[in-house]
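K.L.:
Mind looking at a prediction? Sequence and model below.
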Amino acid sequence: MAIDWAAIREVEFPVAREWAYFDHAAVAPVPRRAAEAVRLWAENQADHGAVNWKTWGDKIEALRVGLAGWIAADPDEIAFVANTTHGIGLVAEGFPWRPGDNVVVPADEYPSNVYPWMNLADRGVETRMVPSRDDRILLDDLRAAMDDRTRVLAVSHVEFASGFRNDLDAIGELCRSRGVALFVDAIQGLGPLEMDVSRTPVDFAAADSHKWLLGPEGAGFLYVRRQWIDRLRPLGVGWHSVTASFSAPGLDFTLKPNAQRWEGGSCNMPGLQGFAASMELLGEIGPAALSRRLLDRAEAVREAVAEAGWRVLGSTIPEERSAIVTAAAEGVDPDAAVALLRGRKVVASSRRGRLRFSPHLYTDERDLRSLWDGLIAARGAHPPTAKGR
């Protein structure tokens, strides 16, 4: 049955009434049902305190199951974290390093997937940065950076500034052949792209909900492949990390046999309520249909950008594209263009010297027309007569 994207836009995305929003790779507006879930939690907490705590806790456990299903993992392999950075840090600091080991990281990674690895230098761990070539990260370059002391390769599914899609299947096979663990910063990939850890040999992955998954900030998850749960040192251990109840008569430091051992204390209850509601919406669509829709919307943005006289950057190979679109125009400062667009009710970003656009499932022709008009204005040119939008 065909999905009624216009109806979803009307019901779930009040942001579209005022803004043409092309900045989901930064911070997404939450759907109406997510805002409602946070409001209901706050009102219930104000009226009843912890009386209904189990109800809210059950929703979080349902979210854990849903997230596991979304990436073909087991719920026992999912831990809730504050954000992607938090998840990366748990893996970087908990990994069983030996002095002289190294980690390989593409140089164009978001800083959160660089600094935690660099922070291991005082433990004798080298961070090896691999430059990209024309916005592309080549498998051969990653391979060349590895040696017999490489323990981890850390990479984003999608690079935040260029929108380049890394081939996780190929990278995973490379890592398996070299005995290297694969960590994936999944925040720019989940939603626009499918990830199946039952097929792709990803050992660890982390993502926050506030981008393509449409959840609130500060509500994310960490995936730890089952074989690593006992090998990775647990950090931030607390009452929620152990099998015994916090109200037990004595202490029993027996860690949970699953990824919940990294959930040391109280979680971000309101944030995870909103995340659960957003995933409910996305679950009604499904990973495959959502990916098709987001990639289609990104192609529509590329067309609008090109028609407005801007140069679309990034790879021209479809398999290397994502839902992030980057562009530049000669003589146009991207920061100034972002400000001009904002004044015209079009939301975009500037990243590393280029304009970045990231549409979502509810992006429609009205949004694309607003973007096209704004980009024409930013170039100080008149619309071409041959094409319009």
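P.N.:
Nice, thanks for sending it over.

K.L.:
Run through the strands of this structure in chain order.
P.N.:
20-21, 78-81, 102-106, 126-130, 150-156, 181-185, 204-208, 220-224, 311-312, 325-328, 346-347, 349-351, 354-357 (DSSP state E).

K.L.:
who's in contact with the fourth one?
P.N.:
By Cβ atoms under 8 Å, 6 or more residues apart in numbering, the surrounding residues in contact with strand 126-130 are 101-107, 114, 117-118, 120-121, 137, 141-142, 145, 150. To be clear about C-beta, it is placed using only N, CA and C from the backbone, and glycine gets the same treatment.

K.L.:
what's the nearest residue to residue 329 if we skip its chain neighbours?
P.N.:
Residue nearest to residue 329 in three dimensions, not counting chain neighbours: residue 310, with 4.7 Å by Cβ to Cβ, 6 or more residues apart in numbering.

K.L.:
Now for the one you found, how many residues are close by?
P.N.:
23 (other Cβ atoms under 10 Å).

K.L.:
Is it correct that it is in contact with residue 379?
P.N.:
Yes. Here residue 310 reaches residue 379: they are 7.3 Å apart, a contact under Cβ atoms under 8 Å.

K.L.:
got any residues that touch both of those two?
P.N.:
Contact criterion Cβ under 8 Å, 6+ apart; residues shared by residue 310 and residue 379: residue 329.

K.L.:
May I ask you to name the longest helix in this protein?
P.N.:
The helix that spans the most residues within the chain, counting by DSSP state H, is helix 287-307.

K.L.:
Show me what it is packed against.
P.N.:
Counting contacts by 3 or more Cβ pairs under 8 Å, 6 or more residues apart in numbering; DSSP states H and E, helix 287-307 packs against strand 311-312, strand 325-328, helix 365-379.

K.L.:
rewinding a little: OK, contacts around the residue nearest to residue 329?
P.N.:
By Cβ under 8 Å, 6+ apart, residue 310 lies in contact with 327-329, 355, 375, 379.

K.L.:
now do 10 Å
P.N.:
For residue 310, the contact set (Cβ atoms under 10 Å, 6 or more residues apart in numbering) comprises 302, 304, 326-330, 332, 337, 355, 372, 375-376, 378-379.

K.L.:
Which parts of the chain are helices?
P.N.:
So, for the chain - with DSSP H - the helices run 5-12, 32-48, 53-70, 84-94, 115-118, 139-145, 168-178, 269-285, 287-307, 334-343, 365-379.

K.L.:
nearest spatial neighbour of the residue most central in space within the chain, skipping sequence neighbours?
P.N.:
With the centre of the chain defined as its mean C-alpha position, the nearest residue by Cα atoms, centre = their mean is residue 187, 1.1 Å away. Once flanking residues are discounted, residue 187 sits nearest to residue 207: 4.3 Å by Cβ to Cβ, 6+ apart.

K.L.:
quick one: the residue nearest to residue 82 when sequence neighbours are not counted from residue 237, how far?
P.N.:
The shortest distance from residue 82 to any residue other than its chain neighbours is 5.6 Å, reached at residue 218 (Cβ to Cβ, 6+ apart). Per Cβ to Cβ, to the nearest Å, residue 218 is found 21 Å from residue 237.

K.L.:
ok, what's across the strand from residue 165?
P.N.:
Per DSSP bridges, the residues bridged to residue 165 are residue 158.
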